[in-house]
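Chemist: coordinates only, sequence not included:
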């Protein structure tokens, strides 16, 4: 006999699939880009190509898909693609691999290639940057030793730093972020951005290589202090940030008259698609507060919203988007989406609630899963296997917990990246 939870899980997975599909490069380009005389129009904003040479660089987790669809936009003199490890070559592009989530030597080679591309952009030329999440690590030219940049990045991530905090620190330790790449070009630079940042701050996505931002060196030092990383940070990092804060070195670019940035898509597009998919199944939709902060706390909060909806209106779908963080306390394995769902397991026990959270890129932390799914029966099933969600949370060990329940959500890399989507389905009262 088919249980209620089986149908609810099917709905959760269908809504998540619709949300991810809506932000694929192919769909976004087909929906929001059209050819016009002399160039293209992106969400109503014209991008003129010419009169001089046109160069194209795609970087980030969605780089390959964006590059493929941008080939036909113009007569490109040079085309460079910087993607994650294992990115298949694209004909006509110089394809480079960068590392993620921390830059390595491949990332530096990619960053130096972007520097050369920008420097070759003359007064009548245009450089188009297709920027997506992950670009910050995949393309980098550090202003401090690479090992030191890796160490401070790892320390920040372990302390639960969010994407904005990481961007503030990284851009002030870089020669190409914070609009510095634009400063190398004598012609126009247009950034077309697929955002993985809540609120779609284009100065944060990928570290903003083509976007001026308001952050300062002092802001970067404040992040290190707030995340208790400053005292243990490599001396070269502290020295570079303090030199910038005192005005002894140039800061990130504040005004870029030769640059513009356009949003191609973001988390909001995924959430809109989740709404449409839910309504197509005849279910009302409730939008929960944006995901942010500690994953386990967000999981409990998301569960509370779902339970409140269940009590007040019965059958419905609850959706939320954003990105959480994990402060590493244990030696376990998992990702922020898995930990979010783990944080909800005890709260929804015995209730008609099924919920899941995934990274739209298909990768959740250092695992092969995009996220996890749970329902009102998950706690009892876990106890039957001798598993405790509380103990798993203590060790940040969500992956083995959900693997034992066969409740990991595996999509494989999706070729896009607009942060995370959480979906909950509640039954009739």
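Modeler: All right, it came through fine. The structure presented is a predicted model; accordingly, all values stated were derived computationally and were not measured. Numbers count the residues shown, from 1 in each chain.
Chemist: now do the same end-to-end measure for stretch 30-40.
Modeler: 12 Å (Cα to Cα, to the nearest Å).
Chemist: Can you give me the buried ones in it?
Modeler: 32, 33, 39, 40 (16 or more other Cβ atoms under 10 Å). In short, each C-beta sits where N, CA and C put it, glycine included.
Chemist: With respect to residue 127, which of the residues you listed is nearest?
Modeler: Of all these, residue 127 sits closest to residue 39, with 13.5 Å by Cβ to Cβ.
Chemist: which ones are touching that closest one?
Modeler: By Cβ atoms under 8 Å, 6 or more residues apart in numbering, the contact set of residue 39 is 46, 47, 48, 49, 50, 73, 74.
Chemist: show me where the stretch 1-150 of the chain has strands.
Modeler: With DSSP state E, counting those that start in this stretch, the ranges of strands along the stretch 1-150 of the chain come out as 33-36, 39-42, 45-48, 54-59, 76-83, 94-97, 126-132.
Chemist: Give me the contact list for the third one.
Modeler: Counting by Cβ under 8 Å, 6+ apart, strand 45-48 makes contact with 36, 38, 39, 40, 41, 126, 128, 190, 192, 262, all of which sit outside it.
Chemist: For residue 260, give me its contacts.
Modeler: 188, 189, 190, 191.
Chemist: among those, which two are most distant?
Modeler: That would be 188 and 191, which, of those, are the farthest apart (Cβ to Cβ) at 10.8 Å.
Chemist: more crowded one of the two?
Modeler: residue 191 (28 against 22; other Cβ atoms under 10 Å).
Chemist: quick revisit: look up the residues that both of residue 188 and residue 191 are in contact with.
Modeler: Jointly contacting residue 188 and residue 191 under the rule Cβ under 8 Å, 6+ apart are 259, 260.
Chemist: Run a quick neighbour tally on the closest residue to residue 32 other than its chain neighbours.
Modeler: Once flanking residues are discounted, residue 32 sits nearest to residue 43: 4.8 Å by Cβ to Cβ, 6 or more residues apart in numbering. For residue 43, the tally of surrounding residues (other Cβ under 10 Å) stands at 14.
Chemist: shouldn't residue 43 be in contact with residue 266?
Modeler: No - counting by Cβ atoms under 8 Å, residue 43 does not reach residue 266; the two are 11.0 Å apart.
Chemist: so residue 61 makes contact with residue 137?
Modeler: No - Residue 61 lies out of contact with residue 137 (Cβ under 8 Å); the separation is 10.1 Å.
Chemist: more neighbours, these two?
Modeler: residue 61 (29 against 24).
Chemist: Please report the distance of the more buried one from residue 401.
Modeler: As for residue 61, its distance to residue 401 is 26 Å (criterion: Cβ to Cβ, to the nearest Å).
Chemist: can you check residue 332 too?
Modeler: 9 Å.
Chemist: Check residue 345 too.
Modeler: 8 Å.
Chemist: Spit out the residues that contact these two alike.
Modeler: 382, 389.
Chemist: Mind listing the strands the helix or strand encompassing residue 262 pairs with, and their directions?
Modeler: Following DSSP states H and E, one finds residue 262 within strand 259-265. Paired neighbours of strand 259-265 in the sheet (DSSP bridges): strand 188-194 (parallel).
Chemist: Specify the residue ranges that define each domain of the chain.
Modeler: 24-265, 268-426 (automatic domain parsing).
Chemist: To residue 7, which of those domains lies closest?
Modeler: Nearest of those (Cβ to Cβ): domain 268-426, 8.5 Å.
Chemist: related to what we said a few turns ago, give the buried residues for the very next helix or strand once past the strand holding residue 262.
Modeler: Note on strand 259-265: by DSSP H and E, the next helix or strand toward the C-terminus is helix 267-280. For helix 267-280, the neighbour count (16+ other Cβ under 10 Å) marks 267, 268, 269, 270, 271, 273, 274, 275, 277, 278 as buried.
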